[in-house]
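In: Quick one: sequence and predicted model below, then my questions.
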Protein chains: 2
Amino acid sequence: MVQAQAWILTQHFEGFPTGSNFELKTEQLPEPQDGEVLLEALFLSVDPYMRPFSRVRMSEGDVMIGAQVAKVIQSKNSAFPVGSHVVGRCGWRTHTVCDGTDLTPVMSDWPKDVPMSLALGAIGMPGLTALYGIEEVLALQPGETLLVNAAAGAVGSVVGQIAKIKGCKVVGSAGSDAKVAFVKELGFDEAFNYKTVGSLEEALKNGSREGYDCYFENVGGPFSTIALQQMKDFGRIAVCGGISLYNDTTPQSGPYPHLTMIFKQLKMEGFLQTRWEHKHPESLRRLMAWMKEGKLQCREHVTEGFDNMPAAFMGMLQGENIGKAIVKV
Amino acid sequence: MVQAQAWILTQHFEGFPTGSNFELKTEQLPEPQDGEVLLEALFLSVDPYMRPFSRVRMSEGDVMIGAQVAKVIQSKNSAFPVGSHVVGRCGWRTHTVCDGTDLTPVMSDWPKDVPMSLALGAIGMPGLTALYGIEEVLALQPGETLLVNAAAGAVGSVVGQIAKIKGCKVVGSAGSDAKVAFVKELGFDEAFNYKTVGSLEEALKNGSREGYDCYFENVGGPFSTIALQQMKDFGRIAVCGGISLYNDTTPQSGPYPHLTMIFKQLKMEGFLQTRWEHKHPESLRRLMAWMKEGKLQCREHVTEGFDNMPAAFMGMLQGENIGKAIVKV
């Protein structure tokens, strides 16, 4: 009999999450039945999407949603032998009994010298999000200029590096001088701290006098209104996230974008990486190859201890992390 | 020596246009030189775009921008013989001397029983706008459900009819009961008066319980915020106009659309018909054919007298017209 710990959403978030939204629960897990496995979490992910999705995918009292890298410690499912590793949508739990439905084996040839936590980051969902946003939504072309905000985050840092691989000019916005220094190390052509530039409009103009062909949107809100004005005609915008909006109790308002979209003939598309799930295996291999070639650096911000999951989540929403926010059990 | 009358923009519009923004001027025109023609306006167009474009394309003191159907009454340009008809971007003028640069001959086989004013409407720029929005931007497919607002206007009324030709369900929003009756006559499946429905959300749901695949946007503003919520996943939005925003002195604000765009994976694109100018001749022939087959009804709202151009323009911005607003000299 195994005891699992799990973090419960006790009540829906109102505004910025607080400790009182969460409760740590202990449960006795049943023995795995035929077709089932028992998992032990090694790394858990905290991601911005959990905040808006909590409203639409969870009820109060549910275990917090989320992915983890786990080790199979008991198995009655031949697809997942004992000792193998999986990425699972198990939620915030130390141990899980489940059938294989929501499990993906970690790449069988995952290199020994690569931390498996990257399967939650650059070689996982955030990396795929960056890749599909660039290739499927923006169809970014060599020589184009790309703007990305939340540039030092799990997705943004990969976006900029893939755009460099594709021969583009990359301008990044981030929320601290340390983050700006980090994305410059990654090879971004220009970067600025949006919190300290006097004028965002000027910062964007300094980043690219000719404007932007593409804009990878992670932030939304007032940033987006100003950035839209700096797009070139026929500019494309991939709407991946809106972290500046997730904690609103009443939705923030800004000027309607219609006239700018018409005059500049802009295209804007919201997307979720699940749309291209059929491409995941091949895409993960490409991300891994870029990493092994040194073209894709994968920084992580690791919080130790399952007890600290809510703190890691709230810290990530406040922008404490550089790179991917991970919890190590 | 010919005298021309012309309407001048005396000062840029601030808020809704008033009579004092315009001044009627008389000028003596020079004799046409080699390569030039003298035109006499028969029909002039007043269109919503003139309001936002006045800021970006005009200086105070300029003749108001706009297209007209004109007759060539003197010619030193063999491409435009005397007696032939042209569509010209001559602005609000009764007579014009110009070279052929901004002139397009009216289709040589224009049927005698079809009013030539339609070259400013359903078989002209507004018709092309409707066609390209549907085919190039939305790529509307048979069986899909389309929402269009300003549905009784020059563009909207053609949008709905083309969507019906393509085998779609069409829901229209318009600003009077007479307009609603008109678009139902045109074959729209559902239509409502947005000014009198208690809840726009309910009206949109009644129009299509399953939501909308496509949305042809002519209005912008609060309508767009509510309509976005009624899109199906992967819905497409063609942003053609934003007439509810054109007369703002300070830009109207509304909730940022990012989260809805992400959750529903919506695509939104602004466009101008000039992007597909190379297709105009073939497109105009298709529009004409649909009209001759009775599939495209072309209603006009005709104001008599060049003196009444500002009144016709302001009336159109206030929604007085059903169908295309035209001034007959």
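Out: Good, I have the coordinates. Numbering: from 1, shown residues only, chains lettered A, B, ... in the order given.

In: show me what contacts the closest residue to residue A:233 other than its chain neighbours?
Out: Distances taken as C-beta to C-beta, 6 or more residues apart in numbering or on different chains place residue A:264 nearest to residue A:233, at 5.1 Å, with adjacent residues excluded. Any C-beta I mention is one placed from the backbone N, CA and C, and that applies to glycine too. Residue A:264 makes contact with A:228, A:231-235, B:270, according to C-beta atoms under 8 Å, 6 or more residues apart in numbering or on different chains.

In: what does residue A:80 give?
Out: Contact analysis of residue A:80 by C-beta under 8 Å, 6+ apart lists A:37, A:72, A:86, A:100, A:103, A:105.

In: Please apply the same query to residue A:38.
Out: Per C-beta under 8 Å, 6+ apart, neighbours of residue A:38: A:2, A:29, A:32, A:72-75, A:95-97.

In: any idea where the helices of chain A begin and end?
Out: For chain A, applying DSSP state H gives helices covering A:50-57, A:125-132, A:156-165, A:177-185, A:200-207, A:222-229, A:258-264, A:280-292, A:309-317.

In: same for the third one, what does it pack against?
Out: Just to be clear, that refers to helix A:156-165. Counting by 3 or more C-beta pairs under 8 Å, 6 or more residues apart in numbering or on different chains; DSSP states H and E, the packing neighbours recorded for helix A:156-165 are helix A:125-132, strand A:145-148, strand A:169-174, helix A:177-185, helix A:280-292.

In: can you tell which of those is closest to chain B?
Out: helix A:125-132 (10.9 Å; C-beta to the nearest C-beta).

In: quick one: least confident helix or strand in chain A?
Out: In chain A, no helix or strand scores lower on mean pLDDT, DSSP states H and E than helix A:50-57, which sits at a mean of 92.

In: residues of it that come out buried?
Out: For helix A:50-57, the neighbour count (16 or more other C-beta atoms under 10 Å in any protein chain shown) marks A:50-52, A:54 as buried.

In: what do you get for stretch A:159-171?
Out: Using 16+ other C-beta under 10 Å as the test for burial, stretch A:159-171 gives A:159-164, A:166, A:168-171.

In: and which of the residues you listed is nearest to chain B?
Out: residue A:159 (15.5 Å).

In: Tell me if I'm right that the closest one and residue A:137 touch.
Out: No: the pair residue A:159 / residue A:137 is not scored as a contact, 11.2 Å apart, by C-beta atoms under 8 Å.

In: Next, find the distance separating residue A:79 from residue A:262.
Out: Residue A:79 sits 52 Å away from residue A:262, going by C-beta to C-beta, to the nearest Å.

In: on that earlier part again, does the least confident helix or strand of chain A come close to chain B?
Out: Yes: when contact is scored as C-beta under 8 Å from any C-beta of the partner chain, part of helix A:50-57 falls within range of chain B: A:52, A:56.

In: What residues does chain A have near chain B?
Out: Proximity of chain A to chain B (C-beta under 8 Å from any C-beta) is limited to residues A:52, A:56, A:217, A:220-221, A:224, A:239-242, A:245-246, A:251-272, A:275.

In: In strands, which of the residues you listed appear?
Out: Assigned to strands by DSSP state E, the following of the residues of chain A next to chain B qualify: A:217, A:239, A:253-255, A:267-270.

In: Return the residues in contact with the residue most central in space within chain A.
Out: Nearest residue to the geometric centre of chain A (C-alpha atoms, centre = their mean): residue A:126, 4.0 Å. By C-beta under 8 Å, 6+ apart, the contact list for residue A:126 reads A:47, A:120, A:154-155, A:158, A:324.

In: With neighbour count, distance to residue B:199 and pLDDT added, can I get those residues in CSV?
Out: Listed next are these as CSV, based on neighbours: other C-beta atoms under 10 Å in any protein chain shown; distance: C-beta to C-beta, whole Å; pLDDT from 0 to 100:
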residue, neighbour count, distance to residue B:199, pLDDT
A:47, 24, 36, 96
A:120, 28, 43, 98
A:154, 32, 40, 97
A:155, 29, 37, 98
A:158, 30, 43, 98
A:324, 28, 44, 97
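
In: Closest one of these to chain B?
Out: Checking those against chain B with C-beta to the nearest C-beta, the nearest one is residue A:155 at 12.5 Å.

In: How about the closest one, nearest residue that isn't a chain neighbour?
Out: residue A:126 (4.7 Å).

In: re earlier: just the ones in strands among the residues of chain A next to chain B now: which is nearest residue A:312?
Out: residue A:217 (24.4 Å; C-beta to C-beta).

In: Pull the contacting residues for the closest residue to that closest one other than its chain neighbours.
Out: Leaving aside its sequence neighbours, residue A:217 sits nearest to residue A:239 (C-beta to C-beta, 6+ apart; 4.7 Å). Residue A:239 makes contact with A:217, A:220, A:268-271, B:258, B:261-262, according to C-beta under 8 Å, 6+ apart.

In: Look up the residues forming beta bridges with residue A:239.
Out: Assessed by DSSP bridges, residue A:239 has beta-bridge partners residue A:217, residue A:270.

In: Quick check: the residue in the stretch 1-150 of chain A positioned nearest to chain B vs residue B:263, distance?
Out: In the stretch 1-150 of chain A, the residue that lies nearest chain B is residue A:52 (5.9 Å; C-beta to the nearest C-beta). Distance from residue A:52 to residue B:263, counting by C-beta to C-beta: 8 Å.

In: Number of residues surrounding residue A:129?
Out: By the measure other C-beta atoms under 10 Å in any protein chain shown, the count of residues near residue A:129 is 26.

In: Surely it is in contact with residue A:238?
Out: No: with contact defined as C-beta under 8 Å, residue A:129 does not count as touching residue A:238 (9.6 Å).

In: which residues are common contacts for the two?
Out: When C-beta under 8 Å, 6+ apart defines a contact, no residue borders residue A:129 and residue A:238 alike.

In: who does the nearest residue to residue A:58 once chain neighbours are set aside bridge with?
Out: Once flanking residues are discounted, residue A:58 sits nearest to residue A:9: 5.6 Å by C-beta to C-beta, 6+ apart. Beta bridges link residue A:9 to residue A:22, judged by DSSP bridges.

In: residues in contact with residue A:9?
Out: Counting by C-beta under 8 Å, 6+ apart, residue A:9 touches A:21-22, A:54, A:58, A:60-64.

In: Of residue A:79 and residue A:262, which one has the most company?
Out: More crowded of residue A:79 and residue A:262, by other C-beta under 10 Å: residue A:262, with 21 against 14.

In: pretty sure that one contacts residue B:269?
Out: No: with contact defined as C-beta under 8 Å, residue A:262 does not reach residue B:269; the gap is 9.6 Å.

In: quick one on the thing from earlier: mind putting the contacts of residue A:239 into CSV with distance to residue B:90 and pLDDT?
Out: Putting the contacts of residue A:239 into CSV (distance: C-beta to C-beta, whole Å; pLDDT from 0 to 100) gives the following:
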residue, distance to residue B:90, pLDDT
A:217, 42, 98
A:220, 44, 97
A:268, 35, 98
A:269, 39, 98
A:270, 42, 98
A:271, 45, 98
B:258, 43, 97
B:261, 41, 98
B:262, 46, 97
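
In: Quick one: the strands in the stretch 1-150 of chain A, in order.
Out: Ranges of strands within the stretch 1-150 of chain A are A:2-9, A:22-29, A:36-45, A:68-75, A:85-88, A:95-99, A:103-105, A:145-148, based on DSSP state E, counting those that start in this stretch.
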